[in-house]
Every structure is written in structure tokens, then in C-alpha cells.
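> Predicted model and sequence follow; I will ask about them next.
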Amino acid sequence: MAIDPILNLQDDQMVNQFKLVFPKGIPGSGNASLVELRMDKTIDMPEETSSTYEFFIRGMKIVKTGMLDETEKTLTFDVRLDQQWGVYDSLITWKRMCHDGQKGTRMPSSVTGTVVLIQALDGQNAVVKTFKLGFVFCKGVKVAAFDNESADPARVTLNLVWNTRTDS
């Protein structure tokens, strides 16, 4: 096998070349750019999946795809906390707008929903693929464990739920 076809392939997409964007901001006037810039860990893209059903005929098992969307519609990722806790304050305000467990209240979805973009970048930082999650709501905010033996920055885990996804 000649190596030329392999060398002439287009460049690979590198997994560390991506960015997270809140194009409409974080509900509650949160600092979206602060969250975007402090997000330095992984984002595990949800698998797009559908239901299946099976039947048997003449001793053979047949599996077919069904008509139900079974995509897991959650997105969880970590963000570094700033020493003034601006990231946390932005996120917890949004979460409490979606549901305030202390008061048992929530604001309308039209106020608490937003859009999240996950954008893959090429070697020149140009966007080459965008995953747009729509009708995104904050389900949970968790401050990571404090640790006397760690030199790492403190982090907060953000747990989002979403309803639509488009790829471009």
C-alpha cells in the first residue's frame, strides 16, 4: 500500500480545538463569557439515538429502529471557579430561575431557556462544525469538593437539559 493517499488526507479534527458559546447569554444576566473562558475540561457530546424493537421469525432475531427519540438530553461539564465566585453566582442564579428549591418556585420557560453552541475549530480557530442545543435549562450546579491536598483550581459542575439539536 502506498503511503501517498494517507498523507494526502485532510487534517484530523483535534479534540482539544473547540469552544462553548452562550450566544444569547446566560439567563438572569449571567456572565456568559466568564463561563465560556473558564470551561477547560471535556464536553461529552450526547449520542443521538432512537428506540428499537425486535421480533423473531423462523428462529432469527430481527432488530429494527423505532420511531421514538431516545437521545439523552443532558449536558454536564466543569468550569473553573474564579476567586470572586462570579461564575458560580451567574450559574446558581440561572439554576434558581429554573427551579428554586428553597422557595419552591420557578420562572417561565420563556425567561429561563437559552441556546448553547459547541463549536469545533480548525487549526486557524475558524469554526468548522457547530452543534446548537436549543431550549436549554439549568438543572443543577455543584461546587466540587474542597481538598486540602490539591493544587488544582476549584471547579463547579453544570448540569444542563436541552430539547432540540441542530448540526451545521
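Noted; the coordinates are in hand.

> mind showing which ranges of the chain have poor pLDDT?
1, 12-15 (pLDDT under 70).

> What segments of it are strands?
Using DSSP state E, the strands of the chain run over 18-21, 50-57, 60-69, 74-80, 114-121, 127-143, 155-161, 164-167.

> could you dump these to a markdown table with mean neighbour count and distance to residue 29?
(C-beta placed from N, C-alpha, C; glycine too.) Listed next are the strands of the chain as a markdown table, based on neighbours: other CB atoms under 10 Å; distance: least, CB to CB, whole Å:
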| stretch | mean neighbour count | distance to residue 29 |
| --- | --- | --- |
| strand 18-21 | 17 | 17 |
| strand 50-57 | 10 | 38 |
| strand 60-69 | 9 | 33 |
| strand 74-80 | 18 | 17 |
| strand 114-121 | 18 | 12 |
| strand 127-143 | 17 | 14 |
| strand 155-161 | 18 | 17 |
| strand 164-167 | 11 | 24 |
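
> Specify the beta-bridge partners of the residue nearest the centre of the chain.
Most central in the chain under CA atoms, centre = their mean is residue 75, positioned 3.9 Å from the mean C-alpha point. Following DSSP bridges, residue 75 is listed with bridge partners residue 160.

> Test my guess that it contacts residue 116.
Yes. Counting by CB atoms under 8 Å, residue 75 does reach residue 116; the two are 7.1 Å apart.

> Quick one: end-to-end length of stretch 70-88, please.
This stretch, stretch 70-88, spans 31 Å end to end (CA to CA, to the nearest Å).

> Outside of it itself, list whatever touches it.
20, 31, 34-35, 38-44, 46-51, 91, 116, 133, 136, 139, 141, 143-144, 153-163, 165 (CB atoms under 8 Å, 6 or more residues apart in numbering).

> residue with max distance from the center of the protein?
residue 58 (44.6 Å).
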